[in-house]
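*Asks:* one predicted model, sequence on top.
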Amino acid sequence: MKEPAKTIEVKVERTIQAPPGEVFDGWLNPKVPGTPWHEGDKLIFNPKVDGLFYWLMSGTPHFGRFKEVKRPARIQHTWMSPNTLGHESTVTLTFEKKGEETLLTLVHSGLPDNEGGKGHEGGWNYFLDKFYKQFGKKADKKK
Amino acid sequence: MNGLKKALEFRFERTIPASPDKVYDAWLNPKIPGNPWSSVDKLILDQKADGLFYWRKPGMYHYGYGRFTKTERPDRIQHTWVSPDTMGVESTVTVTFEKQGEETLMTLVHSDIPDTDEGRGFEKGWNYFLNIFPGQFADVSGKKNYTATIEVARSPEDVFRLILEVSKWWTKDIEGGSTKLNDEFVIRHGDRHYSKQKLVEVVPGRKIVWLVDDSALNWIEKNKSEWTGTKLVFEIAAKGDRSVIHFTHEGLIPEKECYARCEQSWNTVIKEWLCNFITDGKAI
């Protein structure tokens, strides 16, 4: 049996112009641009506790298992791909009400301490920038 | 990661005494020992095309995911297999079931495995499962298992307790525990016989079942692991103030190469050694 390898954690935050329930629902809706589920070559997606997902992105397979789905506050699931070396890492999202906005915090822990693991920081920033803009647009239209 | 070499492929064949549809269904049934979904701690399994699965066993890196790509009953099952041992790469498992008279030729091919130490470990892993799986069909095929029945002047409770003292009536060369559920013990007769038994059913005063989950009968020519996947079953019943012990070696059938010698040995071990030990307390 292998020894546990050293792992790193990535944390990304965005304040989004919508209430937590709306942001939570948006994150689990593959039709919403900026969620990882929106992009990619193939998606099998069952976002409930002990539901599994498969997401093929640029030829890279990702698998995971939902552990917590607590609307509107928290989502947790595992995340496994060649970039985690096939090890289960953990993605935790929290949705915190800030006045009329929501602080979305995404923590990806248990990542290998190598290029593939570190690359997740850029990946999540890419998605959260896009996700943020979906709500920004809507807010702008309302004005 | 895309530069990772995908080089290994392993192929296994087993002839199973049942029809292709029965073998196909058993391979996807987590309750049948010998398929990869059995004996796991946690299982999520959706056996249809584009269905996903997840399994976990005790141990830090003992888990995996996969995706069914073909479920063509009774001919073919194909799914991907992803785990720390594939380094997260989707390897492919293809199982085909081909009718051969009244039997089924089952072929399992595991391809696209990264060429690493862990990847090479799949060969041993699949052999472990595939040595247990065919034994699950011995009963339904209607073939005759070895059995022996003895009657002794002791109560079922005494008989139950004495059978568990394996070193007193089978062999002194025993390692491990043999008294509680999930206990495992190894029996050796020099280099000729090795078998590892696990207690899979223990009903005080009534029944004891051992599953042989590994074996090497080095004195036979072809399949030295003929015992693997077979079960040793002791059923105890009261008869007045005496007890009847019905012993069955499930999967030890006359078609097996080891049958004749094993039959002789069991006749001695059960009808003489076990019987003497229970009756007079006389250990071997």
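*Replies:* Received it, and whenever you're ready, just let me know what you need.
*Asks:* convert the C-alpha atoms of stretch B:221-229 to PDB, please.
*Replies:* Provided in PDB are the C-alpha atoms of stretch B:221-229 (Å, rounded to 0.1, in the frame of the first residue of the first chain):
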ATOM      1  CA  GLU B 221      -1.600 -31.000 -13.400                       C
ATOM      2  CA  LYS B 222      -3.900 -28.300 -14.800                       C
ATOM      3  CA  ASN B 223      -5.900 -25.900 -12.600                       C
ATOM      4  CA  LYS B 224      -4.100 -25.900  -9.200                       C
ATOM      5  CA  SER B 225      -6.600 -23.500  -7.800                       C
ATOM      6  CA  GLU B 226      -9.600 -25.800  -8.200                       C
ATOM      7  CA  TRP B 227     -10.500 -25.300  -4.600                       C
ATOM      8  CA  THR B 228     -10.700 -21.500  -4.800                       C
ATOM      9  CA  GLY B 229     -14.300 -20.400  -4.700                       C
END
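*Asks:* list of residues touching that stretch?
*Replies:* B:33-34, B:131-136, B:195, B:211-218, B:220, B:251-252, B:256-258 (C-beta atoms under 8 Å, 6 or more residues apart in numbering or on different chains). Placement of C-beta: from N, CA and C, glycine included.
*Asks:* cool, and stretch A:96-115?
*Replies:* Residues contacting stretch A:96-115 (C-beta under 8 Å, 6+ apart): A:5-20, A:22-23, A:27, A:73, A:79, A:84-85, A:87-95, A:117-118, A:120, A:124, A:128, A:131.
*Asks:* over to stretch B:46-60 now: how far is its first residue from its last?
*Replies:* 24 Å (C-alpha to C-alpha, to the nearest Å).
*Asks:* how about it, does it get close to chain A?
*Replies:* Yes. Contact between stretch B:46-60 and chain A, assessed by C-beta under 8 Å from any C-beta of the partner chain, occurs at B:46, B:50, B:52-54, B:59-60.
*Asks:* just the buried positions in that stretch, please.
*Replies:* Neighbour counts over stretch B:46-60 (16 or more other C-beta atoms under 10 Å in any protein chain shown) mark B:47, B:51-55 as buried.
*Asks:* ok now that stretch, how far from the chain's centre?
*Replies:* Offset of stretch B:46-60 from its chain centre (C-alpha atoms, centre = their mean, to the nearest Å): 21 Å.
*Asks:* let me see the mean pLDDT of it.
*Replies:* Here stretch B:46-60 scores 93 as its mean pLDDT.
*Asks:* so which strand or helix has the residue in the stretch 101-250 of chain B that chain A sits nearest to?
*Replies:* Going by C-beta to the nearest C-beta, chain A is nearest to residue B:118 of the stretch 101-250 of chain B, at 8.5 Å. Using DSSP states H and E, residue B:118 sits within helix B:117-120.
*Asks:* send me that helix as PDB with only the CA atoms.
*Replies:* Presented in PDB, the C-alpha positions along helix B:117-120 are these (Å, rounded to 0.1, in the frame of the first residue of the first chain):
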ATOM      1  CA  ASP B 117       3.400  -1.600 -11.200                       C
ATOM      2  CA  GLU B 118      -0.100  -0.800 -10.200                       C
ATOM      3  CA  GLY B 119      -1.400  -1.400 -13.700                       C
ATOM      4  CA  ARG B 120       0.400  -4.800 -13.800                       C
END
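*Asks:* spell out which residues of chain A are next to chain B.
*Replies:* Contacts of chain A with chain B, taken as C-beta under 8 Å from any C-beta, map to A:1-2, A:4, A:44, A:46, A:50, A:52-54, A:59-61, A:63-65, A:80-88, A:116.
*Asks:* of these, select the buried ones using a PyMOL command.
*Replies:* Only the buried entries of the residues of chain A next to chain B go into this PyMOL selection, using 16+ other C-beta under 10 Å:
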select buried, chain A and resi 44+52+53+54+60+61+63+64+65+80+81+82+83+84+85+86+87+88+116
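*Asks:* next step: the residues of chain A next to chain B restricted to helices.
*Replies:* Those of these mapping onto helices are residue A:116, per DSSP state H.
*Asks:* looking at the residues of chain A next to chain B, which are in strands?
*Replies:* A:44, A:52-54, A:60-61, A:63-65 (DSSP state E).
*Asks:* the nearest residue to the residue of the stretch 101-250 of chain B closest to chain A once chain neighbours are set aside: what secondary structure?
*Replies:* With sequence-adjacent residues excluded and distances taken as C-beta to C-beta, 6 or more residues apart in numbering or on different chains, residue B:118 is closest to residue B:85, at 4.0 Å. When classified by DSSP: H, G, I helix; E, B strand; the rest coil, residue B:85 comes out as helix.
*Asks:* distance of the most centrally placed residue in chain B from residue B:101?
*Replies:* Nearest to the geometric centre of chain B sits residue B:229, at 2.4 Å (C-alpha atoms, centre = their mean). Distance of residue B:229 to residue B:101, computed by C-beta to C-beta, to the nearest Å: 22 Å.
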